[in-house]
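> structure for the following, please:
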Amino acid sequence: MMIPTPRNIHAAAANTTRKIRYGRLADLRAMPAERIGDGTQRPVLRYRPSPTVIPTGPPVLLVPPPGSPAGGAFDLRRGCSLAEHLVGTGRRTYLLDPGPVAVADRETGLEHWIHEVLPQAVRTVSQDAGGQPVQLVGWCLGGIFSLLAAAADRDLPIATITTVASPVE
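This is a model prediction of the structure:
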């Protein structure tokens, strides 16, 4: 049994107020973003920064695994969002929207993502950011695809690759 403390009572009151006022406990709105590119590829979304933020550093492309929800682990909720943090620090931040895994994607296999989808996204982001090399942040299978795409095409404008929850050794 939990013994009520002033801190617990305050937290419970704040949660109740938020639930009554907004209908939920967390602010689950997605970060504002706009689609870039020519429309012949998987959508690449550019997160919109606040007008007061000055862009700095190389662009960051967030790469979720195919079939995951757009944003997935990168934009959970306000105050707990990697996308929000990166945008707030002035980084040009992009998201490769994997969309639903279609039957055609299952038939083309991993090569399609490694040789076409991800390289197109990297080039689109680099071009949008004035030709700067791109920092990739790949979650799970997105991290593995990022590593394989970089290994398959050494001419891709990639500055760094960070993998999150990718089962590699």
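> quick one: low-confidence ranges for this structure?
Applying pLDDT under 70 to the chain flags residues 1-2, 24-25, 39-40, 100-108, 169.
> now the strands for it?
Under the criterion DSSP state E, strands of the chain are mapped to 33-36, 44-47, 60-63, 75-77, 80-81, 93-96, 134-139, 158-164.
> switch those over to a markdown table; also include mean neighbour count and distance to Thr5.
Glycine gets a C-beta too; all of them are placed from N, C-alpha and C. A markdown table is the format used below for these (neighbours: other Cβ atoms under 10 Å; distance: least, Cβ to Cβ, whole Å):
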| stretch | mean neighbour count | distance to Thr5 |
| --- | --- | --- |
| strand 33-36 | 14 | 41 |
| strand 44-47 | 22 | 39 |
| strand 60-63 | 27 | 39 |
| strand 75-77 | 18 | 26 |
| strand 80-81 | 16 | 24 |
| strand 93-96 | 28 | 39 |
| strand 134-139 | 24 | 37 |
| strand 158-164 | 16 | 35 |
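> once you drop chain neighbours, what's closest to Gly37?
Closest residue in space to Gly37, ignoring its immediate chain neighbours: Thr124 at 4.7 Å, by Cβ to Cβ, 6 or more residues apart in numbering.
> how close does the one you found sit to Pro69?
Distance, Thr124 to Pro69, by Cβ to Cβ, to the nearest Å: 21 Å.
> for those two, indicate the residue with more neighbours.
More crowded of Thr124 and Pro69, by other Cβ atoms under 10 Å: Thr124, with 22 against 13.
> need the contact list for that one.
36-37, 41, 44 (Cβ atoms under 8 Å, 6 or more residues apart in numbering).
> give me that answer again for 10 Å
36-38, 41-44, 46, 61, 94, 96, 134 (Cβ atoms under 10 Å, 6 or more residues apart in numbering).
> for Asp75, same thing?
Counting by Cβ under 10 Å, 6+ apart, Asp75 has contacts 28-31, 33, 47, 62, 69, 81-84, 87, 93, 95.
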